[in-house]
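In: can you look at this prediction? I've put the sequence above it.
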Amino acid sequence: MIAFDSVLDQALQLSDDERSKLVARLLNSLEPDDVSGPSTEEWDGAWSVELDKRVREIREGTVELVDGDEVLAELREISERP
C-alpha cells in the first residue's frame, strides 16, 4: 500500500488536465486489448458534438441548470436512505 499511497499523493499534485489524462489512461489499461470500440479521435468527436449541443441548449434556455452543490446534497441524501 505504500507504493499506492505514494502514487496517489503524486497524482493529486497534478493539474486538473493532467489528472484527467491520467484517469483516462488508467481506465484504458483496464480494458481488454481485443475490445473493438471507438478510437480516441471518435470519442473526442462524439463529445465535441455533445458539448456543442449542450451549450446550444443552455444559450437557448431549453434546459434547466441545477447547481452542482444542490445535486451532490440530494445524492448524499438519497444514498443515506435505508
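Out: Thanks, I have the structure now. Numbering: from 1, shown residues only.
In: can you map out the helices along this structure?
Out: Counting by DSSP state H, the chain has helices at residues 2-12, 16-30, 40-60, 68-79.
In: give me the distance between E42 and P82.
Out: 43 Å (CB to CB, to the nearest Å). All C-beta spots, glycine's among them, are computed from the backbone N, C-alpha and C.
In: please identify which of the two sits among more neighbours.
Out: For the pair E42 and P82, the greater number of neighbours falls to E42 (10 against 2), based on other CB atoms under 10 Å.
In: so what touches the one helix or strand in the chain whose mean pLDDT sits lowest?
Out: When each helix and strand of the chain is scored by mean pLDDT, DSSP states H and E, helix 16-30 comes last, with a mean of 86. Residues outside helix 16-30 that contact it (CB atoms under 8 Å, 6 or more residues apart in numbering) are A11, L12, L14.
In: stretch 59-77 too?
Out: Stretch 59-77 is contacted by residues R54, E57, I58 when judged by CB under 8 Å, 6+ apart.
In: need the residue closest to the centroid of the protein.
Out: The centroid of the chain falls nearest to S20 when counting by CA atoms, centre = their mean (7.6 Å).
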